[in-house]
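Trainee: only geometry, no sequence info:
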Ligand code: HEC
């Protein structure tokens with residue numbers, strides 16, 4: 001009898017711990033890092049200057065909600081505000097989870113989907129540029145104002161990235177680039 005009670009208590013305690021652990025992820029289970037992007041995608045990053053580009057962000061929003069192409073409606077599962085409307089879809093408002101994904105991982109998942117889930121591959125319907133616009137928009141739900149810095153391997157203030165990006169590719173910021181003679185011409 002005593003032993004049965006002890007076992008019951010252990011079960012109840014165990015469940016309590018389990019629920020507590022799950023609660024930490026905003027009801028989505030324990031937040032675990034995603035798998036690394038495959039080699040093909042590992043070096044793909046947001047085009048220079050886009051993290052702070054409001055026009056691209058707006059295009060990303062229209063794509064995400066199905067306004068640009070009704071066949072591509074991410075919001076039908078992920079919600080217009082990033083709050084999932086279909087079971088199993090990720091909650092993009094969860095910054096703790098989102099910060100574990102590099103921009104390459106987001107891009108890869110959108111391109112190839114997640115096997116054995118409702119998340120299908122979108123690369124036949126979305127150009128690479130459109131996929132990046134969507135990453136830009138999705139980032140806003142949980143990581144507004146941030147951008148992925150491939151060198152630091154972390155999400156940082158978006159403005160610091162576009163400065164670095166512009167320095168690496170002057171063509172992205174013609175207004176600020178002095179009329180230096182392009183090399184090789
Ligand atoms: C039919 C429902 C559905 C639609 C439409 C949909 N998704 Fe998903 N998406 C899911 C589900 C379910 C998951 C969670 C998969 C899993 O378990 O990892 C997911 C996961 C994701 C992830 C995260 C993958 C990961 O590793 O956690 C990203 C990014 C994503 N979706 C982006 C998009 C984008 C962008 C679109 C529109 C082009 C889109 N989804 C359309 C259902 C959907």
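Mentor: Cool, the structure landed. Only a predicted model underlies this, so the values are computations on that prediction, with no experimental measurement involved.
Trainee: just the pLDDT for residue 87.
Mentor: Turning to residue 87, the model gives it a pLDDT of 89.
Trainee: report how many residues lie close to it.
Mentor: Residues lying near residue 87 (other C-beta atoms under 10 Å) number 7. Just so you know, the C-beta spots here come from the backbone N, C-alpha and C atoms, and that holds for glycine as well.
Trainee: for residue 73, same thing?
Mentor: 15.
Trainee: check residue 99 too.
Mentor: For residue 99, using other C-beta under 10 Å, the count is 15.
Trainee: ok, it - contacts?
Mentor: Remark: with contacts taken as C-beta atoms under 8 Å, 6 or more residues apart in numbering, residue 99 is in contact with 142-143, 155.
Trainee: swap the cut-off to 10 Å and go again
Mentor: 31, 142-143, 146, 148, 154-155 (C-beta atoms under 10 Å, 6 or more residues apart in numbering).
Trainee: Serialize these to a markdown table and add fields for neighbour count.
Mentor: Below are the contacts of residue 99 laid out as a markdown table (neighbours: other C-beta atoms under 10 Å):
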| residue | neighbour count |
| --- | --- |
| 31 | 14 |
| 142 | 20 |
| 143 | 18 |
| 146 | 21 |
| 148 | 24 |
| 154 | 11 |
| 155 | 22 |
